[in-house]
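Asker: here is the input, now give the coordinates:
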Amino acid sequence: MMRRISFIVFCLSLLFGCGEQQKFIVLGEVDGMEGDTLFLAARNIEGQWDTLGVAVVESGIFRFEGSVPRPLIAQVQGKSRRQVLPLFLENQSFHIYLNKGQFEQSEVNGGGLQKSYNEFMMQKADIYKEMPELEKAFAEARKAGERETCRQLIERNDELDSIYGESEFRFLKEQGNSLPGLYVVFKQNPRMRFERLKPMYDLLSDEMKDTPYGKIITQRYLDAKITAKGEIAPDFTLLTPEGDSLSLYSVKAKVKILDFWASWCGPCRAENPNMVAIYHEFKERGLEIISVSLDSNREAWLKAIKEDGLTWRHVSDLKGWQSSAAQLYKISAVPSVFVLDATNRIVGSYVRGENIRTCVQGLL
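Answerer: Sure, this is the predicted structure:
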């Protein structure tokens, strides 16, 4: 189908060819959404959504018009949460070829900020262009039991991640005081570990941190910092299986392992034999383990302790993911294991397997 938008773009070039534009015009084209309502919205400083415009798709075309006092990150939103397209809104003309099935895969043109973001995303796509073939080859190799091929494919994936990481860091160094740089950090995993988030956060300017998206990132930063290496682990008090209160700080030891787990967690149960071996190896030298269960079923919790031979200290409030200790530590997955020194300072954060032993040995 011929893109009717080309004619619209031509008209805009005549309309705004002279002088500084004092408003934005967003013109878009989309197939298969006739009569649908679209919204142009942006977060305010309280984190709520303000509606900047409403448009109904007519003859495959939609339009938003208005003005903003300063550039901001907006969204074209459909009727479902999956229909969201970010837009770096300025008082400029924008042209959108909207992808009905995947809004974020749409084509957006217009404005200097949008151009900067588009160029970075094209660079990212180029770095990862072989990923579909890698994923297919890995699935086939794993099914065939070809371990060496799997190892090589994983190494190639890690190599691409490293190349992208360097590209991303360069972009943030250049764009740390811009909305595209801010948005690249915002789109990271919300539960990203502090050690990875901190370098990105440090590249953002104070101006960007003071925006609605910047405040969200700052809260993520503060949440991640709670369990970062070098921080003092927060104290908490929960009940033991016997019904007694036990606080983290009341347990005195040269080294403490704080283990968030659950009886229903397969990876947790698979890790338990390693934890048992570490405990028996180092308990006489000053190691203590405190396991915090995210169970909600008391019988299942106690049964798992007995079956796995976990002969150390256990606590839980049997509130599942709403566990007060899990909330305090911002736990979003189990197992989550931390190694603490005698002063409750975190020396190992989210450690697994042999890394737990290494942290314990380093302190003893």
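
Asker: give me the contact list for the helix or strand where Ala74 lies.
Answerer: Secondary structure from DSSP states H and E places Ala74 in strand 72-77. For strand 72-77, contacts defined as Cβ atoms under 8 Å, 6 or more residues apart in numbering pick out 26, 28, 38-43, 52, 64, 83-89, 96, 98, 103, 179, 182-183, 211-213. Bear in mind the C-beta positions are built from the backbone N, C-alpha and C, glycine included.

Asker: so after that strand, what's the next helix or strand?
Answerer: Sequence-wise, the next helix or strand downstream of strand 72-77 (DSSP H and E) is strand 84-89.

Asker: for the helix or strand just after that next one, which strands pair with it and how are they oriented?
Answerer: Next helix or strand after strand 84-89 toward the C-terminus (DSSP H and E): strand 93-97. Each strand paired with strand 93-97, and its direction, by DSSP bridges: strand 24-29 (parallel), strand 107-109 (antiparallel).

Asker: show me how far strand 93-97 is from its chain's centre.
Answerer: 29 Å (Cα atoms, centre = their mean, to the nearest Å).

Asker: before we move on, what about stretch 31-49?
Answerer: Stretch 31-49 has its C-alpha centroid displaced from the chain centroid by 23 Å (Cα atoms, centre = their mean).

Asker: and it, how far apart are its ends?
Answerer: Stretch 31-49 stretches 27 Å from its first residue to its last (Cα to Cα, to the nearest Å).

Asker: shaky segments in the stretch 201-350 of the chain?
Answerer: Across the stretch 201-350 of the chain, nothing is flagged by pLDDT under 70.

Asker: what ranges does it have for its strands?
Answerer: Under the criterion DSSP state E, counting those that start in this stretch, strands of the stretch 201-350 of the chain are mapped to 237-239, 245-247, 255-261, 287-293, 313-315, 336-341, 346-349.

Asker: turn the ones you listed into JSON lines, columns for distance to Arg357 and mean neighbour count.
Answerer: Converted to JSON lines, these look like this (distance: least, Cβ to Cβ, whole Å; neighbours: other Cβ atoms under 10 Å):
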{"stretch": "strand 237-239", "distance to Arg357": "26", "mean neighbour count": "16"}
{"stretch": "strand 245-247", "distance to Arg357": "25", "mean neighbour count": "13"}
{"stretch": "strand 255-261", "distance to Arg357": "10", "mean neighbour count": "24"}
{"stretch": "strand 287-293", "distance to Arg357": "11", "mean neighbour count": "24"}
{"stretch": "strand 313-315", "distance to Arg357": "19", "mean neighbour count": "20"}
{"stretch": "strand 336-341", "distance to Arg357": "10", "mean neighbour count": "23"}
{"stretch": "strand 346-349", "distance to Arg357": "10", "mean neighbour count": "20"}
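
Asker: closest one to Glu231 among those strands?
Answerer: Nearest of the strands of the stretch 201-350 of the chain to Glu231, taken as Cβ to Cβ: strand 346-349 at 5.3 Å.

Asker: got the angle for the helix or strand following the closest one vs strand 255-261?
Answerer: Downstream of strand 346-349, the next assigned helix or strand under DSSP H and E is helix 354-363. Interaxial angle of helix 354-363 relative to strand 255-261 (axes from the mean of the first three to the mean of the last three Cα atoms, to 10 degrees): 160 degrees.

Asker: so what's the closest residue to Pro86 other than its chain neighbours bridging to?
Answerer: With sequence-adjacent residues excluded and distances taken as Cβ to Cβ, 6 or more residues apart in numbering, Pro86 is closest to Gln75, at 5.8 Å. For Gln75, the beta-bridge partners under DSSP bridges are Ala41, Pro86.

Asker: can you list the neighbours in contact with stretch 283-293?
Answerer: Residues from elsewhere that reach stretch 283-293 (Cβ under 8 Å, 6+ apart): 238, 246, 248, 251-263, 275, 278-279, 301, 310, 312-316, 318, 323, 325-326, 360, 364.

Asker: how about stretch 48-68: buried residues?
Answerer: 52-53, 55, 57, 60, 62-64 (16 or more other Cβ atoms under 10 Å).

Asker: measure it end to end?
Answerer: Using Cα to Cα, the gap from the first to the last residue of stretch 48-68 comes to 17 Å.

Asker: now do that stretch: distance to the chain's middle.
Answerer: How far stretch 48-68 lies from its chain's middle: 29 Å, per Cα atoms, centre = their mean.

Asker: quick one: Leu238 and Gln327 touch, right?
Answerer: No - judged on Cβ atoms under 8 Å, Leu238 makes no contact with Gln327 at a distance of 11.9 Å.

Asker: state which helix of the protein is the longest.
Answerer: Looking across the chain with DSSP state H, the single longest helix is helix 147-175.

Asker: who are the packing partners of it?
Answerer: helix 112-127, helix 131-144, helix 179-186, helix 194-203 (3 or more Cβ pairs under 8 Å, 6 or more residues apart in numbering; DSSP states H and E).

Asker: tell me what angle it forms with helix 194-203.
Answerer: 30 degrees.

Asker: what residues of helix 147-175 count as buried?
Answerer: Neighbour counts over helix 147-175 (16+ other Cβ under 10 Å) mark 150, 153, 157, 160, 168, 171-172, 175 as buried.

Asker: tell me how far that helix is from the chain's mean position?
Answerer: Computed by Cα atoms, centre = their mean, the chain-centroid distance of helix 147-175 equals 17 Å.
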